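Student: Provided below for reference: sequence and predicted model.
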Amino acid sequence: MIPLDEARRYVLAGCHPRPGVETPLSRCLGLVTAAGAVAGEAVPSFANTAMDGYAVRAADVASAPVTLRVVGTVRAGMSGVDSPVGPGEAARIMTGAPVPPGADAIVRVELTEGAPDSDSVIVRAAVPEGNHVRPVGDDVEPGDHVVGVGAVLTPGHLGLLATVGVRALKVVPRPRVGVISTGDELVDDGAPLGPGQIRDSNRLTLLSLVAESGFEAVDLGLVRDDEDAIEAALRGGVARCDALVTSGGVSMGDFDFVKVVLDRIGDMRWMQIAIKPAKPLAFGTVTRASDGTPVPIFGLPGNPVSSMVSFELFCRPGLRRLAGHGDADLDRPAVLGIVDEQLDRRPDGKIHFARVACRYDGATGTYRVRSAGAQGSHHMAAMAAADALAELPDGDALEVGSTVRVRPLRP
C-alpha cells in the first residue's frame, strides 16, 4: 500500500495552475490573482470630511464658543463653495464632501448651535487643525501595491480595486470540473429499482462537492458499460473541462471499461493507499487534442462514503492547485479535538478517517468529537450527519479523552 502523503504528492504534482486570464472584477470573487495591481491614483483623490458639520479655520475656533458667518453648503459630489472660507467664516458640509479652500478643520454638527438655513453658526468647542479631514492619499497613494500575485480575492479586495479604478484583473480562472458515472447497474430516473440495480447517487454528490468547493461543476451524465461510449464521454469531457472526476472501477483486479479506456488514452496510475475508507484511487492525465493540455483525471472508489472521503483528501486539494491556490491553502484548516466517545478501530497498517460530529466547547476552549454513526463505506446516513473526519492513526481504538486530529468537512 502507498502512504497517504506519497499519494497526495503524486496527485498534486499532476495538477498545475491554469494560466491567468483578464477578468472583470464582478467575476473575480474567490479567484486567485495571476498578476498584481498598482494604484494609479490617490484615495481619496481630494481632501474630504469624515463628518457632517461645518468646515472652519481651526484658528477661528480656538477661543470657542464663537459665532461664524456661514458662506455656503457643500454636499458630496460638489466641487466646493463659490468662495473660500475666510477668517470668521464657515461652510456647512456633509460627510464625504470636499473640504473648501481656506478651511483646515471640521466641527461636528453636534458641537454647534444654529438652524440649518441660518447665515451664522455658534461653534461651542475648539478643534485642532485637520480635525475630521481625510487628506489626499490618506488610504492609498499612487504607486501603492493594492493586491499581489497569489491573493485569494475577497469582497474587501474587490472594493479596494474598484476604489482605485481597476475594472479587470488577471486571475486564474475557476476550473471547470466534469463528473461522469458509468455502469449498467446504475439508474437515475427515479423509477423502481429492478434486479441488481442501484441508484446513481455518486454523480450528484460529486457535482455538489465540486460546486461547494468553488469550482464550475459540469454534469457529463451517466454512461453505460460500452467501451466506445465511455471513450467518447471521456474525450468529450477532456475537450470541455479542466479536470474530470469518475467513481468506481478503480480497485485492484477490476476489469472495468473505464480502466481499459483510461489506460489506453491517458497516463494513469492505479493506487492502493494506506487509508480507510477510500483505499483505491486512480489518478493521471489525458492530453486535450485541441491544445495539448494535460487534463487531470481523478478515478474515485465507487462506495459513496469512500468517494466523498477521497474527494476531500485528493480531489479538492488538486483542484485548488489548478485554481492557483498555494500549498498552505489546499486543505481546510485542521484542528485538534478531544474524543467524547470511544472511536473504534483495529491495527491494519492504515490511517482511518472516522466520520464524526465535532463541536466547539466555549467553556473549555476545546473541540469535542464523537462518532456520527455507522462507519461502513456504504453508510451514507452517518456521512450526511458528519461535519468532520477524525484522523485515527494505525493502532487500537481511541479512548474517551484522547486527542485526535480533525479535518472539517464544512467551512
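Tutor: Thanks, I have the structure now. Just so it is clear, the model here is predicted, and its values are computed rather than measured.

Student: hey, let's count contacts and neighbours off CA atoms from now on
Tutor: Noted.

Student: Pull the distance from the longest helix along the chain to the chain's centre.
Tutor: What stands out as the longest helix in the chain, according to DSSP state H, is helix 227-240. From the chain centre to the centre of helix 227-240 is a distance of 30 Å (C-alpha atoms, centre = their mean, to the nearest Å).

Student: and if you look at stretch 98-117?
Tutor: What separates the centre of stretch 98-117 from the centre of its chain is 44 Å, taken as C-alpha atoms, centre = their mean.

Student: contacting residues around that stretch?
Tutor: Stretch 98-117 has contacts (C-alpha atoms under 8 Å, 6 or more residues apart in numbering) with 46-49, 51-58, 74-81, 84-86, 90-91, 93, 120-125, 127-133.

Student: Just the terminal-to-terminal distance for it.
Tutor: The first and last residues of stretch 98-117 sit 20 Å apart, counting by C-alpha to C-alpha, to the nearest Å.

Student: Contacts only, for Pro301.
Tutor: The contact partners of Pro301, taken as C-alpha under 8 Å, 6+ apart, are 247-251, 278-281, 307, 310.

Student: ok, now with 10 Å
Tutor: Applying C-alpha atoms under 10 Å, 6 or more residues apart in numbering, we find Pro301 in contact with 202, 246-251, 277-282, 307-311.

Student: how close does Cys315 get to Ala233?
Tutor: 20 Å.

Student: These two: who's more crowded?
Tutor: A count of neighbours by other C-alpha atoms under 10 Å puts Cys315 above the other of Cys315 and Ala233, at 29 against 19.

Student: Next SSE downstream of the host helix or strand of Arg368?
Tutor: Using DSSP states H and E, the element containing Arg368 is strand 366-371. Downstream of strand 366-371, the next assigned helix or strand under DSSP H and E is helix 380-385.

Student: Please save the CA atoms from that next one in PDB.
Tutor: Coordinates of each C-alpha in helix 380-385 appear next as PDB, following Å, rounded to 0.1, in the frame of the first residue of the first chain:
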ATOM      1  CA  MET A 380     -24.300   7.500   3.900                       C
ATOM      2  CA  ALA A 381     -26.600   8.500   6.800                       C
ATOM      3  CA  ALA A 382     -23.500   8.900   9.100                       C
ATOM      4  CA  MET A 383     -21.700  10.700   6.300                       C
ATOM      5  CA  ALA A 384     -24.600  13.100   5.900                       C
ATOM      6  CA  ALA A 385     -24.600  13.700   9.700                       C
END
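
Student: could you say what helices and strands it packs with?
Tutor: helix 304-310, strand 351-361 (3 or more C-alpha pairs under 10 Å, 6 or more residues apart in numbering; DSSP states H and E).

Student: How is this protein divided into domains?
Tutor: 4-18+174-329, 21-43+138-172, 48-134, 335-408 (automatic domain parsing).

Student: Can you name the element that comes right after the longest helix of the chain?
Tutor: Counting by DSSP H and E, what follows helix 227-240 is strand 243-247.

Student: and Ala239, how far is that from Glu216?
Tutor: 15 Å.

Student: What residues of the longest helix of the chain count as buried?
Tutor: Buried residues in helix 227-240, counting neighbours by 16 or more other C-alpha atoms under 10 Å, are found at 227, 230-231, 233-235, 237-240.

Student: averaged over its residues, what pLDDT does it have?
Tutor: Per-residue pLDDT values over helix 227-240 give a mean of 95.

Student: tell me which strands and helices that helix is in contact with?
Tutor: Helix 227-240 is packed against strand 176-182, strand 216-223, strand 243-247, helix 257-265, strand 280-287, strand 294-300, with contacts defined by 3+ C-alpha pairs under 10 Å, 6+ apart.

Student: Could you identify which of these has the lowest mean pLDDT?
Tutor: Lowest mean pLDDT of these: helix 257-265, a mean of 90.

Student: Other residues contacting it?
Tutor: With contacts defined as C-alpha under 10 Å, 6+ apart, helix 257-265 is touched by 181-183, 224-232, 234-235, 246-251, 254, 268-270, 282-287, 297, 299.
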